[in-house]
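Novice: Got a predicted model here, sequence first, then my questions.
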Number of protein chains: 2
Amino acid sequence: MAYVTARFLARAPGSGRVPAALRSASTRLHDGPIRQAEAAAADRFDLKAYMVDKARRVDAALDRAVPLRYPERLHESMRYSLLSAGKRIRPILALASCELVGGDEATAMPVACAVEMLHVMSLIHDDLPCMDNDDLRRGRPSNHRVFGEGTAVITGDALIALAFEHVVAATASVPADRVLRAVAEYGSAMGPEGLVAGQFVDIDSEGKAVGVGVLEYIHLHKTARLVEAAAACGVIVGGGGDAELESVRRYARCVGQLFQVVDDILDVTKTTEELGKTAGKDVASGKTTYPKLMGLEKAQELAQTLVVKAEAELHGFDRVKAAPLRHLARYIADRQN
Amino acid sequence: MAYVTARFLARAPGSGRVPAALRSASTRLHDGPIRQAEAAAADRFDLKAYMVDKARRVDAALDRAVPLRYPERLHESMRYSLLSAGKRIRPILALASCELVGGDEATAMPVACAVEMLHVMSLIHDDLPCMDNDDLRRGRPSNHRVFGEGTAVITGDALIALAFEHVVAATASVPADRVLRAVAEYGSAMGPEGLVAGQFVDIDSEGKAVGVGVLEYIHLHKTARLVEAAAACGVIVGGGGDAELESVRRYARCVGQLFQVVDDILDVTKTTEELGKTAGKDVASGKTTYPKLMGLEKAQELAQTLVVKAEAELHGFDRVKAAPLRHLARYIADRQN
């Protein structure tokens, strides 16, 4: 992946501090051989193997969380969308953030599963004919195309309720006050000042000329807020301190915005087949996107700037433990679907 | 109100124990003058004044819980449905159940507001064209008729997320483990083995011939489960013990089923104007109802049986503190809309 240039850094808001990518290069000169070896190990980190491993365990936990009970068709519908082949970025962020502050995978798995339930419910409702009206999701017909609109609405409702129940029921080993903070975090991330506010402004803006301010509002709320919550909940249940939580929040906000910038870029540069969801629909629906507002090249530059900013937030952490999050940011920037 | 006869009691499942209405008449013979005076006071209880007072304070708390923020139209939509003239039965059940076990109103108000948010979100989604397709709710055009379908879906999603956030954020004075139990209770009550399961089986059964088993499944899940959760959360945050919680749960399940039996009766005996929602729609849509299954008279008998069963569950509690719940059960049986 091409690294940033000083030009991009100078343009990034809040980029006054030295980015991690540059800082680590200079501090490495003063490191002893052990830290150098650790740094080398962290840099060789195999993100693909890490993601495959984590996603497999998240899938198994999600499978257990939604057994095929009566009413079967409702549970089939939940499982159809929840267990479809997703990248599990949000759950992996929750797991990696918990491990970053010394927690283990089992501790974070319930909040990891919950965030995927919340994310998937937002996709199901977003795809409805009265919303984005999208027939394709994760390479398959969207939920309402298979199960009907009424069931799709109910399936989303079931998943959001189950997410909150799941956080509580499945975190018996975590102190109650931490679990409560996780519930509040997800409630706030999903609610009328979170994801649904972004969804609302998004459908409300369709066909209107909106500026970069509204566009950023949509993406910060519709995407970045839940990405932030996933990482924050990982830190919270893992027992991280306030300063660690704030750093991870800033990291995740960059990653969340990055996610959306890249989504917008892919929408105009990839085919429906490559994406597993309808390509070119932003242009077709007259939606304001980053490439439309600033041009494709500048949007790609913004993506690189966000990677550098995200990495900078991880500098205060153990380099080996931070490797998954550092590599995840780069992966999200470079992803092809 | 006409009281039950032995015939109804003999038909009620689980009615082996002596109902409160009969038991209190016999035990009263042995009461001293103070307990007799208390009992007389409890029997004179002014439910209407109690409900007006509680509903006013619930409305004020709901008003504060959803201020008119950006995006304004989304918050307007939430407020339109949440603050419309409802009877606030579920919040009042939460408040009265908390007071039953010695808790105060302020302690239970967050769980009371949360259950109204959950109830209202279920109404908004239930009224959608892809669900019950109803144009009228609480005497006004239903949410999607005013704000559009997309916003109605989002508004429901916002309310369910806000409900969970609200329980946690607004119960700072309640021990964390109790708040967590309340979150789990509402999650379970709303989720795929709760309210939405009832909604699903309901829309899935439309036009089909279903038996009393399916009908009871729908009502126990679609209505009674959340009514039970409201009362249970009142007891939980009020610090009630397990035995108290179980009694209140059984009381509330009777009240919840009662609610639906009466709803079915009103649908065939009242006009749209009297109800504030579309009358006769169960018959029009071919829906299975209690009057259709067992005839109007037997349905009315069932309602009376449920009142007696509900009252019986309150017998172990202080008679004065139990007065609101006892009178509420009778009110729900006798309500005209």
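Specialist: Sure, I can see it.
Novice: quick one: which helix or strand includes A:His219?
Specialist: If you go by DSSP states H and E, A:His219 is part of helix A:212-219.
Novice: For that helix, which outside residues touch it?
Specialist: Helix A:212-219 has contacts (Cβ atoms under 8 Å, 6 or more residues apart in numbering or on different chains) with A:198, A:201-202, A:205, A:256-257, A:260-261, A:288-290, A:293-294. (C-beta placed from N, C-alpha, C; glycine too.)
Novice: same thing with stretch A:190-198?
Specialist: Defining contact as Cβ under 8 Å, 6+ apart, one finds that stretch A:190-198 is touched by A:118, A:122, A:160, A:188-189, A:217-223, A:225-226, A:229, B:66, B:69-71, B:74-75, B:78, B:154, B:157-158, B:161-162, B:165.
Novice: Of the residues you listed, just the buried ones, ChimeraX syntax please.
Specialist: Of the contacts of stretch A:190-198, the buried ones can be selected in ChimeraX as follows, counting by 16 or more other Cβ atoms under 10 Å in any protein chain shown:
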select /A:118,122,160,188,189,217,218,219,220,221,222,223,225,226,229 /B:66,71,74,75,78,154,157,158,161,162,165
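Novice: for chain A, which spans come out with low pLDDT?
Specialist: In the predicted model, chain A carries pLDDT under 70 at residues A:1-35, A:37-39, A:41-42, A:283.
Novice: which residues of it fall in strands?
Specialist: For chain A, the strands defined by DSSP state E occupy A:136-137, A:140-141.
Novice: Tabulate those (JSON lines), appending mean neighbour count.
Specialist: Listed next are those as JSON lines, based on neighbours: other Cβ atoms under 10 Å in any protein chain shown:
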{"stretch": "strand A:136-137", "mean neighbour count": "20"}
{"stretch": "strand A:140-141", "mean neighbour count": "16"}
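Novice: Tell me which of these approaches A:Leu266 most closely.
Specialist: Nearest of these to A:Leu266, taken as Cβ to Cβ: strand A:136-137 at 14.2 Å.
Novice: chain center to the closest one: distance?
Specialist: 18 Å (Cα atoms, centre = their mean, to the nearest Å).
Novice: Any chance you could list what contacts that strand?
Specialist: Contacts of strand A:136-137 (Cβ under 8 Å, 6+ apart): A:Ser81, A:Ser84, A:Leu123, A:Asp127, A:Ser142, A:Asn143, A:Thr272, A:Gly276, A:Lys277, A:Thr278.
Novice: unless I'm mixing things up, the first one is touching A:Arg145, no?
Specialist: This means A:Ser81. No. When contacts are counted by Cβ atoms under 8 Å, A:Ser81 is not listed as touching A:Arg145 (11.3 Å).
Novice: the more surrounded of these two?
Specialist: Taking neighbours as other Cβ atoms under 10 Å in any protein chain shown, A:Ser81 and A:Arg145 compare with A:Ser81 leading, 25 against 16.
Novice: can you pull the contacts of that one?
Specialist: With contact set as Cβ under 8 Å, 6+ apart, A:Ser81 has these partners: A:Val120, A:Leu123, A:Ile124, A:Arg137, A:Asn143, A:Thr155, A:Leu159.
Novice: A:Leu275 too?
Specialist: Contacts of A:Leu275 (Cβ under 8 Å, 6+ apart): A:Leu266, A:Asp267, A:Asn337.
Novice: where's it relative to chain B, distance?
Specialist: The gap separating A:Leu275 from chain B is 23 Å, by Cβ to the nearest Cβ, to the nearest Å.
Novice: Report the separation between that residue and A:Leu215.
Specialist: Per Cβ to Cβ, to the nearest Å, A:Leu275 is found 20 Å from A:Leu215.
Novice: what's the answer for A:Ala284, then?
Specialist: 17 Å.
Novice: With neighbour numbers in mind, choose between the two.
Specialist: Higher neighbour count among A:Ala284 and A:Leu215: A:Leu215, with 22 against 10, using other Cβ under 10 Å.
Novice: Which two among the contacts of A:Ser81 are spaced furthest apart?
Specialist: For the contacts of A:Ser81, and using Cβ to Cβ, no pair is farther apart than A:Arg137 and A:Leu159, which are 14.0 Å apart.
Novice: ok, and the closest non-adjacent residue to A:Gly234?
Specialist: A:Ser97 (3.1 Å; Cβ to Cβ, 6 or more residues apart in numbering or on different chains).
Novice: Show the contacting residues for that neighbour.
Specialist: Counting by Cβ under 8 Å, 6+ apart, the residues that A:Ser97 touches are A:Ala108, A:Ala230, A:Ala231, A:Ala232, A:Cys233, A:Gly234, A:Val235, A:Gly238, A:Gly240, A:Val248, A:Ala252, A:Leu325.
Novice: With respect to B:Glu301, which of those residues is nearest?
Specialist: A:Cys233 (51.0 Å).
Novice: Wait, A:Ser142 touches A:Asn133, no?
Specialist: No. Using Cβ under 8 Å, A:Ser142 makes no contact with A:Asn133, being 9.3 Å away.
Novice: Find the residues that touch each one of those two.
Specialist: Shared contacts of A:Ser142 and A:Asn133, defined by Cβ under 8 Å, 6+ apart, are found at A:Asp127.
Novice: Compare these two and say which is more crowded by neighbours.
Specialist: A:Ser142 (25 against 15).
Novice: Show the contacting residues for the more buried one.
Specialist: A:Leu123, A:Ile124, A:Asp127, A:Asp134, A:Asp135, A:Leu136, A:Ala152.
Novice: Now for the second one, how many residues are close by?
Specialist: Meaning A:Ile124. 29.
Novice: Relative to A:Asn133, how far out is it?
Specialist: Distance, A:Ile124 to A:Asn133, using Cβ to Cβ: 13 Å.
Novice: buried set for the longest helix belonging to chain A?
Specialist: Ordering each helix of chain A by length in residues (DSSP state H) puts helix A:242-269 first. Neighbour-count burial for helix A:242-269 flags A:244-245, A:247-268 (criterion: 16+ other Cβ under 10 Å).
Novice: so how far is stretch A:77-85 off the chain centroid?
Specialist: The answer for stretch A:77-85 is 18 Å, by Cα atoms, centre = their mean.
Novice: typed the wrong thing, it's stretch A:129-141
Specialist: With Cα atoms, centre = their mean, you get 20 Å for stretch A:129-141.
Novice: And stretch A:156-171, by the same measure?
Specialist: 18 Å.
Novice: which residues of the stretch 1-150 of chain A fall in helices?
Specialist: A:6-11, A:20-27, A:33-43, A:47-65, A:72-82, A:89-100, A:105-127, A:143-147, A:149-169 (DSSP state H, counting those that start in this stretch).
Novice: and the ones you listed as JSON lines, adding distance to B:Phe45?
Specialist: Listed next are these as JSON lines, based on distance: least, Cβ to Cβ, whole Å:
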{"stretch": "helix A:6-11", "distance to B:Phe45": "70"}
{"stretch": "helix A:20-27", "distance to B:Phe45": "67"}
{"stretch": "helix A:33-43", "distance to B:Phe45": "69"}
{"stretch": "helix A:47-65", "distance to B:Phe45": "45"}
{"stretch": "helix A:72-82", "distance to B:Phe45": "42"}
{"stretch": "helix A:89-100", "distance to B:Phe45": "50"}
{"stretch": "helix A:105-127", "distance to B:Phe45": "43"}
{"stretch": "helix A:143-147", "distance to B:Phe45": "48"}
{"stretch": "helix A:149-169", "distance to B:Phe45": "35"}
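Novice: how near is A:Ser205 to chain B?
Specialist: 10 Å.
Novice: what's the neighbour count on the nearest residue to that residue once chain neighbours are set aside?
Specialist: Of all residues not flanking A:Ser205 in the chain, A:Val214 sits nearest, at 6.0 Å (Cβ to Cβ, 6+ apart). The number of residues packed near A:Val214 is 16, by other Cβ under 10 Å.
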